[in-house]
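Chemist: Any chance you can model this:
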Amino acid sequence: MSDSDTDSEDEIQIKKYFNNDLLSAIKQAKHAQESRSGIKRAPGHHLLRNKKQVVIVKRIKAYDGRHWNVDCDNSLERATKRLTINAVIAEEDKEQLRRVKEEENTSEQARKVLLDLHAEFFANMSLSKWRQAAEEAEETFDVQSQLSDVQCQLVRQANSKDIDNQTEEEKFRQLKLVTQMNNKATRTLSQEDLLIAMAESNRKKIIVQTDLVEAFARYEDEKSNVTQEYNTAMFEVMDESLNSIKQMFNKRKTRRESLVEQNRRVADLKPLMKERTYQRYMHHYNIVMSNLRNAFKKVRAREEEIEAESRRITEERKVIMQEQLVRKHAMKWVTFAFAKERQRQITECEEKAFKSDPFYDAVKLALAKVQREMILHKFNGKWVDKRKTSTEMPVEGLTEHDRMLKTMRMKSRRKSCVVKEDDD
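Modeler: Now for the predicted structure:
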């Protein structure tokens with residue numbers, strides 16, 4: 001089996017032989033001309049390394065080039081080999097572009113899905129971290145609170161235990177001391193000194209108690225003083241509020257009095273208004289004010305007129321545009337209906353021209369005979385058959401449109417009636 005780069009069955013290896021006779025060269029050239037050229041049609045596109053090498057002997061098909069399975073609806077075979085190759089290459093490029101776009105779309109969809117998943121994952125992670133931190137903080141606070149409570153309980157228990165022990169010891173000691181003092185035989189100087197010390201301690205204890213009572217009394221006095229000062233401050237605030245209210249009413253009263261005084265002065269000035277100069281000035285002032293009011297009214301009226309005119313023009317233009325739109329729509333509808341009716345009439349004429357109706361033809365022939373007999377009877381004539389000329393014979397080679405136009409022309413043409421007397 002020799003190497004081959006083509007798919008054709010009959011292949012010829014075109015080589016240039018040197019120092020050979022002319023007959024062998026002519027045979028080989030003749031054989032090359034008679035051999036079929038090109039590549040057999042295949043369901044895919046085969047890219048060959050060399051399309052010019054062919055072999056004389058028949059070889060087993062073997063293909064070692066690139067191959068793409070292309071699904072195309074139409075055939076890629078063209079009139080010439082070059083056009084077929086171009087069509088195959090174009091289809092290959094189209095398929096490659098489609099696959100690239102498909103991969104891009106797939107990657108884009110995957111990226112969108114991954115983005116959504118990542119966003120949801122990070123959101124859930126953040127929420128879980130926040131919840132975990134909140135739970136840890138709550139647990140830490142609860143543990144610290146419990147630890148503080150336990151420590152306080154332990155300290156209180158330890159202190160209460162120490163106090164109880166010291167109290168019991170002091171109680172036993174005092175009982176023992178009292179017992180010894182009652183027994184005169186066992187009394188000693190140290191015990192007497194101890195009694196003196198106890199008396200001194202009791203005296204100091206009384207002093208301390210007195211100081212505490214005095215301090216509590218001073219605290220109560222200071223508390224009462226603070227309450228009194230608070231009440232004094234509140235009364236001062238109330239006095240200030242009352243004074244502000246009084247001042248407000250006084251301001252209103254003062255304003256009312258000032259208005260009364262102003263009215264009194266105006267009343268006093270009324271007699272002075274009778275002077276000629278003042279009256280002349282007031283007359284000019286009234287004229288100017290009336291002119292200003294009239295001008296303002298005119299401007300206001302003019303603006304209203306302009307606004308009304310603009311509204312009227314807008315409404316008129318709106319109505320005109322609506323009429324134009326309705327007219328255009330009606331024209332389009334009429335044109336469409338006219339074209340449809342014309343098409344129907346033409347179709348009906350064609351059907352009547354090429355599809356004969358026996359009943360209609362019979363009625364038409366009977367009516368024509370009746371009219372002919374009436375005319376012949378009136379003019380005392382007879383019917384002469386009209387000979388068909390060569391021009392009225394059907395012409396071969398006419399199209400459907402030409403035959404339709406000819407039929408319409410013949411129908412629109414007035415028919416001639418030949419009347420001949422019996423003597424002729």
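
Chemist: Residue 218 versus residue 211, what's the distance?
Modeler: Note on residue 211: its distance to residue 218, by C-beta to C-beta, to the nearest Å, is 10 Å. In this view, the C-beta of every residue, glycine as well, is placed from N, C-alpha and C.

Chemist: Wait, a strand at residue 129?
Modeler: No. Per DSSP: H, G, I helix; E, B strand; the rest coil, residue 129 lies outside any strand segment and is helix.

Chemist: Let me know the pLDDT of it.
Modeler: With respect to pLDDT, residue 129 scores 89.

Chemist: Same check on residue 70?
Modeler: 55.

Chemist: what about the helices in the stretch 151-300 of the chain?
Modeler: Secondary structure of the stretch 151-300 of the chain (DSSP state H, counting those that start in this stretch): helices located at 189-269, 276-354.

Chemist: What helices and strands are in contact with the following helix or strand past the shortest one?
Modeler: Sequence-wise, the next helix or strand beyond helix 276-354 is helix 358-379, with elements assigned using DSSP states H and E. With contacts defined as 3 or more C-beta pairs under 8 Å, 6 or more residues apart in numbering; DSSP states H and E, the secondary structure elements packing on helix 358-379 are strand 382-383, strand 419-420.

Chemist: Report the central residue of this protein.
Modeler: Nearest to the geometric centre of the chain sits residue 112, at 17.4 Å (C-alpha atoms, centre = their mean).

Chemist: where does the stretch 1-150 of the chain dip in pLDDT?
Modeler: Where the stretch 1-150 of the chain drops to pLDDT under 70, the residues are 1-21, 30-74.

Chemist: so where do the strands sit in it?
Modeler: Per DSSP state E, counting those that start in this stretch, the stretch 1-150 of the chain carries strands over the ranges 44-47, 66-69.

Chemist: Could you break this protein into its assigned domains?
Modeler: Following automatic domain parsing, one finds the domains of the chain at 1-69, 78-187, 289-361.

Chemist: Can you lay out those as TSV showing distance to residue 369?
Modeler: Formatted as TSV, the domains of the chain follow (distance: least, C-beta to C-beta, whole Å):
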stretch	distance to residue 369
domain 1-69	70
domain 78-187	64
domain 289-361	12
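
Chemist: how close does residue 337 sit to residue 328?
Modeler: Taking C-beta to C-beta, one finds residue 337 at 15 Å from residue 328.

Chemist: Same check on residue 231?
Modeler: According to C-beta to C-beta, residue 231 and residue 328 sit 93 Å apart.

Chemist: likewise residue 287?
Modeler: Between residue 287 and residue 328 the computed distance is 60 Å (C-beta to C-beta).

Chemist: what's the answer for residue 244, then?
Modeler: Here the criterion is C-beta to C-beta. By it, residue 244 lies 80 Å from residue 328.

Chemist: Please apply the same query to residue 98.
Modeler: To residue 328, residue 98 is 46 Å away according to C-beta to C-beta.

Chemist: just residue 76 next, same as before
Modeler: Distance, residue 76 to residue 328, using C-beta to C-beta: 51 Å.

Chemist: out of those two, which sits in the busier spot?
Modeler: Between residue 76 and residue 328, counting by other C-beta atoms under 10 Å, residue 76 is the more crowded of the two (20 against 10).

Chemist: Tell me both backbone torsions, phi and psi, for that one.
Modeler: Main-chain dihedrals, residue 76, degrees, to the nearest 10: phi -90, psi 0.
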